[in-house]
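>>> how would this look folded up:
(chains A and B)
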Amino acid sequence: MKSDSERRVHHDTINRRIEQEDQRQRVWQDRSGERIAACAAEPEVMEYAYRPCELEMDYAAYMKFLIRNQGRLGLPYPFAMKLSFLAGPLILGKAMLLFSEEPYDLVGAAGFICGTGANDYEDRHVCQVEVAFLQEQHRHPFVFLRGLRTLLELMKQEAPEVALIQFWVQEEGDASETLWAKLLQLPGSRKQAEHQMTRYTVPYEALAAYCQRLLRGRENRY
Amino acid sequence: MRTQFRRCESDEDFAAASLFLLENRQDLHPSFTTMDTVSLLYAYITEGYLHIGVDEDGQVVGTAAYYHGTQDKQFSDKQLACIDMVVLARKRRGGRLFLNSLRYMVGAIMTTHSEVEDLHFAALQENTYLCKLYAKFSKQVGIREGRNGHELIFSDNIRDIASRLNLNHDV
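Numbering: from 1, shown residues only, chains lettered A, B, ... in the order given. Predicted coordinates:
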């Protein structure tokens, strides 16, 4: 049973999404993409922990971390709407935290929702990434891919019927486009310009297999 | 230490107020959750007016919010404003900051919305500190069911409250 406050945000989220469905703009903010494509040097071996938000303390850590970095999330919206984007996964999907082990710090977070506002979140075969953020100094392909794999696993748990992943990118003509270009080569992928953002739609299985393939190559080296 | 109050307008201010309120959410109510806080912030930002108090080091030491008009009447009752929330940093409580915040908020409402005649304060019944304080400047006029229990509503003419706040320096 949802609390009143949750229902309130949920309700607002739905309204907002219905209003904005045509001109929706989301962000997949993770510049590590550019490094994946460029195959940058490997990181010094560093351990990371990937954890879904389950407890109240996780929710608090997730919100505080992203609010603290609100200017770097690539969400070109008024603050209230940013809040709504960040909170969405806590109500309509799942959020994930990423910790570095030494020192033990929260260094990244991401979240997705199941379903689309246009279909009242009943089309749960579509999962939408609402926010993904990794602190600059931790942006590396390995960290990114492990995070992506965890996020994909969480999607499967939340919505076993998941078939499509959607995310929104602010196109800036930077090197990260090479990652998006690679994703577009996956069978069934497409992109669509939506105002200053680009929406990417990628089949779940193809993305999971691609992520797994890249990770296998890397993990063997460690 | 001097505290500067201002209305949140930039994303940085909204973020600072949000972080402060999340850190201190248990002062709103011991069972106040992260999501409760986020939805409250969302309401203040979209429908009300959120303010912060900042000390000389730039640290947020308090946050407060009011509504112009009531949610029940879709904010059409413009002769009324309600101070819905005041939360101060623990280390700064017990001093004059609370009184100064109230003075600032009442002044801000009078300057921004000259049509306001009646000022309301809302406080959880179990928050005896706040209820006693509000009772010094205004009369209890009602009780409502808030998200965390009974809230007492205090009210009076805004100019009367303002003069009481200015006169009673040692409350």
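
>>> quick one: low-confidence ranges for the chain?
I'll assume chain A. A:1-45, A:172-177, A:219-222 (pLDDT under 70).

>>> let me rephrase: I mean chain B.
B:167-171.

>>> show me which residues of it are close to chain A?
By the rule Cβ under 8 Å from any Cβ of the partner chain, the part of chain B lying against chain A is B:11-12, B:14-15, B:18-19, B:22-23, B:25, B:33-36, B:38-43, B:45-46, B:147. Heads up, the C-betas are built off the backbone N, CA and C, glycines and all.

>>> how close does the residue lying farthest from the centre of chain B sit to residue B:9?
Largest separation from the mean C-alpha position in chain B: residue B:57, at 22.6 Å (Cα atoms, centre = their mean). Residue B:57 sits at a distance of 21 Å from residue B:9 (criterion: Cβ to Cβ, to the nearest Å).

>>> before we move on, which element is the closest residue to residue A:72 other than its chain neighbours in?
The shortest distance from residue A:72 to any non-neighbouring residue, by Cβ to Cβ, 6 or more residues apart in numbering or on different chains, is to residue A:133 (6.9 Å). Using DSSP states H and E, the element containing residue A:133 is strand A:126-134.

>>> over to residue A:98?
Counting by DSSP H and E, residue A:98 is part of strand A:93-100.

>>> direction included, what does that strand pair up with?
strand A:48-52 (antiparallel), strand A:105-114 (antiparallel) (DSSP bridges).

>>> what about the strands in chain B?
Taking DSSP state E as the criterion, chain B carries its strands at B:4-7, B:49-54, B:60-68, B:80-88, B:118-124, B:139-146, B:149-157.

>>> now these as TSV including mean neighbour count?
Output for the strands of chain B, formatted as TSV (neighbours: other Cβ atoms under 10 Å in any protein chain shown):
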stretch	mean neighbour count
strand B:4-7	14
strand B:49-54	22
strand B:60-68	23
strand B:80-88	23
strand B:118-124	22
strand B:139-146	12
strand B:149-157	17
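
>>> looking at those, which is closest to residue A:75?
Set against residue A:75 and scored by Cβ to Cβ, the strands of chain B come closest in strand B:49-54, at 19.1 Å.

>>> just to revisit the earlier point, go through the strands paired with strand A:93-100 and pick out the most buried.
strand A:105-114 (a mean of 23; mean count of other Cβ atoms under 10 Å in any protein chain shown).

>>> compute the inter-axis angle for the strand holding residue A:133 and strand A:93-100.
Angle, strand A:126-134 to strand A:93-100, by axes from the mean of the first three to the mean of the last three Cα atoms, to 10 degrees: 20 degrees.

>>> in chain B, where's the longest helix?
The residue-count maximum for a helix in chain B (DSSP state H) belongs to helix B:97-112.

>>> buried set for that one?
Of all the residues in helix B:97-112, those buried under the rule 16 or more other Cβ atoms under 10 Å in any protein chain shown are B:97-106, B:108-110.

>>> relative to strand B:60-68, how tilted is that helix?
Using the same axes, to 10 degrees, helix B:97-112 lies at 40 degrees relative to strand B:60-68.
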